[in-house]
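I'll drop the sequence and a predicted model, then ask my questions.
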Amino acid sequence: MSDSGVLRFQSPGPVVDALPVLISLVNVDRCLEFVNAAFSRWMNRAPAELAGMHLQDVLGEAKYTELKPHIDTALFGKQVSFETTLTGRDGEPVYCQVIHVPKIDEDKKVRGFYSLITDVSAIRQSQQALSDSEALYHSLVEQLPMCLIRKDLDGRFTYVNPQFCEFSGRTADEMVGRTDAELFPPALAAKYRQDDLHVLKQRDVLETIERHQVEGEERQRYVQILKTPIFDSTKRIVGTQVLFWDVTEKHIAQEALEESTALKRAIFDSSLDCIVIVDQDGEIIDVNRSTELVFGYSRDELIGGNIDEKFFPPELDERQRANREHYDEGISSGSMLGKRVEVPALRKDGSGFFVEMAMQPIPYMGRTVFAMFLHDVTERKRHREEIAQKNKDLETLLYVTSHDLREPLRAIRSFSELLRDRTVGQLGDTETGFLTRVIDGADRLDRLLEDVLMLSRAQRANEANELIDPSVVIDDVLKQLEPRISETGAVVEVADTLPRVRVDPRWLRQSIFNLVANALKFVNEGESPQIQIAGYERSSDAGTVTGLVVHDRGPGVPEEHAERVFQLFQRAVSRRVEGTGAGLAIVRQVAKRYGGNAWVEPRPGGGSSFYLTFSK
């Protein structure tokens, strides 16, 4: 203040005006004596306007009241530093750091104080961001379902998250500040320290799986380890961070998968049959050892090649390709999928042979491939052909022998009858009985030969291409047997509806004749035959069969003879009942010739049920 009592505003000088810090001088009356340019711009007022203004007018009553204790301290002669928010030029609050430095004269009297105000909003925001980042980091690592450890350069624990505390069975206080050597067995601690030093030296990530024996647990645990260096803001390494998680179940599952894969591979390679895995284009993905041995190729020669070109003659190429394409299109009718077929094949040297082939689709790496099973049937086919030829020769021999034997047999019978007729009254009863036995034996042998011829013809019966109505055949058989039916007083019932069957009508007639004739012969004493003929149909995985069943009320067939009665010349009854023992053998031969079978079952209430089926 001048001698006239007027406050003269003091200029701070060019240096102070150039500073970005708000600088002002406040006297003991709490009025501004001078401000620098930065302060003037902040207040948006000229320095002259600010001269002599009381701090309450500059700051506002509320802010002045808030800061008054700091102002009082400065005027008391003590430097004070604090942070507060002030209103900026745009009206928004600005975070500031304020320093009040007392102005003391030579008499050590306080004449006021200098106020230095620095805008620290950016610093404050950085600090807040850093604080938020640290809070987020801690929130993350503490909630992370993994164990986390931080160590300094000396290997001392500086942080452990709750998951590691739970895993190790120790509290954070028990571990922070200690080293591995103080917490773990020597060998394990040495390994951990060696890994730490490796990471610090290489400045790189170490990833591995370790095995641990946890105290109180019998089984060992496997953990996935991720160890990294910790860098400060200047890229200087200040420690190591260890992140790990329990992979015991995954490791056990992986080991089980590897063992399973190894086992499957061992089975695959040890199979005696050839196994070839191909994709839908026929490209070979894998083969087993038998494939190499049978076809003469090495595995490397086959992988990536085309199975149709490598293994089969050209005429099969299109069929193989069509089967794979049909599967891809969802078509299975007419394909070889799930079936066994014999096809010609070629070895590497060009020699041909036959294989039994089956094709099965299997999932593989997100797509469908095919497992081709190939079995060398060259020897089996040769043996089968030899057996077929021998059977054919045997059938021919049987036919010729039976046919040729009947000629001398007829002569024996004819001359025996002639001798008996011409010696009537000349021979005694014994001699006549001998001749009668010769004639009866010749008749029986003739019937046996006739049945053998019949069986031979049944084995060579023609294929049946059409389904027939068995009702017509049954009517013919019953007309043929009408005299015997009347003689025995038999009752024969035929179902109104019968399934159509695929069989030669002549052989169906012979089979039904044999079954009905047996039912007329084999009856309980004092009873008349009771016969029912019905239809039969059954479906299974092997296919559908249809046929007939003939029920009777006779003495029945003992269970132990159920198979024997279908064998040639085998009987389950007394010889006193007329017959050769070939009738049921012929019935079964006819059934098998046309893809079916014949068998007998006990009938509820007494008697038997004879079944005769044919392939549909």
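Noted; the coordinates are in hand. Note that the coordinates shown come from a computational prediction; the quantities given were computed from them, not determined experimentally. Numbers count the residues shown, from 1 in each chain.

what helix or strand does the closest residue to S298 other than its chain neighbours sit in?
The shortest distance from S298 to any residue that is not its chain neighbour, by Cβ to Cβ, 6 or more residues apart in numbering, is 6.1 Å, and that residue is E292. C-beta: built from backbone N, CA, C; applies to glycine. Following DSSP states H and E, one finds E292 within helix 289-295.

the residue positioned nearest the centre of the chain: what's it in contact with?
For the chain, P363 is the residue whose C-alpha lies nearest the centre (Cα atoms, centre = their mean; 7.6 Å). Counting by Cβ atoms under 8 Å, 6 or more residues apart in numbering, P363 makes contact with V369.

any idea of the pLDDT on it?
At P363, the pLDDT value in this model is 86.

report the beta-bridge partners for it.
According to DSSP bridges, the residues that bridge with P363 are T368.

distance of it relative to R422?
Between P363 and R422 the distance is 89 Å, computed by Cβ to Cβ, to the nearest Å.

likewise G535?
For G535, the distance to R422 equals 56 Å [Cβ to Cβ].

worst mean pLDDT across the helices and strands of the chain, which element?
Of all the helices and strands that make up the chain, the one with the lowest confidence by mean pLDDT, DSSP states H and E is helix 314-328; it has a mean of 61.

helix or strand right after that one?
Moving toward the C-terminus from helix 314-328, the next helix or strand (DSSP H and E) is strand 341-346.

what separates that following strand from the chain centre, distance-wise?
Mean C-alpha position of strand 341-346 versus that of the full chain (Cα atoms, centre = their mean, to the nearest Å) differs by 31 Å.

what mean pLDDT would you report for it?
Across strand 341-346, the per-residue pLDDT values average to 87.

tell me which residues of it come out buried.
V343, A345, L346 (16 or more other Cβ atoms under 10 Å).

okay if I get the residues you listed as CSV plus distance to G583?
Formatted as CSV, the buried residues of strand 341-346 follow (distance: Cβ to Cβ, whole Å):
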residue, distance to G583
V343, 41
A345, 46
L346, 50
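
quick one on the thing from earlier: correct me if wrong: the residue nearest to S298 contacts D300.
No: proximity of E292 to D300 does not meet the contact threshold set by Cβ atoms under 8 Å, at 9.8 Å.

I figured G543 hits S615, correct?
Yes: proximity of G543 to S615 meets the contact threshold set by Cβ under 8 Å, at 6.7 Å.

tell me which other helices or strands the longest helix seen in the chain touches.
Residue-count comparison of every helix in the chain, with assignments taken from DSSP state H, identifies helix 378-422 as the longest. Judged by 3 or more Cβ pairs under 8 Å, 6 or more residues apart in numbering; DSSP states H and E, helix 378-422 is in contact with strand 352-364, helix 429-459.

ranking those by mean pLDDT, which is last?
For the helices and strands packed on helix 378-422, mean pLDDT drops lowest on helix 429-459, to a mean of 72.

quick check: what element follows that helix along the chain?
If you walk from helix 429-459 toward the C-terminus, the next helix or strand you reach (DSSP H and E) is helix 470-480.

what average pLDDT does whatever helix or strand comes next after that next one get?
Counting by DSSP H and E, the element after helix 470-480 in chain order, helix or strand, is helix 482-488. Helix 482-488 comes out with an average pLDDT of 91.

what are the pairing partners of the next helix or strand after helix 482-488, and which direction each?
Read in the C-terminal direction, the helix or strand following helix 482-488 is strand 491-494, with elements assigned using DSSP H and E. Using DSSP bridges, the strands paired with strand 491-494 are strand 530-540 (parallel).

what residues sit buried inside the partner strand?
Counting neighbours by 16+ other Cβ under 10 Å, one finds that the buried residues in strand 530-540 are Q530, I531, Q532, I533, A534, G535, Y536.

how is this structure carved up into domains?
Residue ranges for the domains of the chain, per automatic domain parsing: 14-119, 126-251, 271-376, 381-458, 463-615.

by mean pLDDT, show me the worst of those.
Least confident of the domains of the chain, judged by mean pLDDT, is domain 381-458 with a mean of 74.

so what's the residue count around T171?
Applying the criterion other Cβ atoms under 10 Å, we find 11 residues in the vicinity of T171.

when you give positions from now on, start the count at 658
From this message on, residue numbering opens at 658, which makes the last subject T828.

show me the contacts for the closest residue to it other than its chain neighbours.
Excluding the flanking residues, the one nearest T828 by Cβ to Cβ, 6+ apart is C822, at 5.9 Å. Applying Cβ under 8 Å, 6+ apart to C822 gives the contacts T828, A829, M832.

distance to T1087 and secondary structure added to the residues you listed, as TSV?
Shown next, in TSV, are the contacts of C822 (distance: Cβ to Cβ, whole Å; DSSP: H, G, I helix; E, B strand; the rest coil):
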residue	distance to T1087	secondary structure
T828	123	coil
A829	125	helix
M832	123	helix
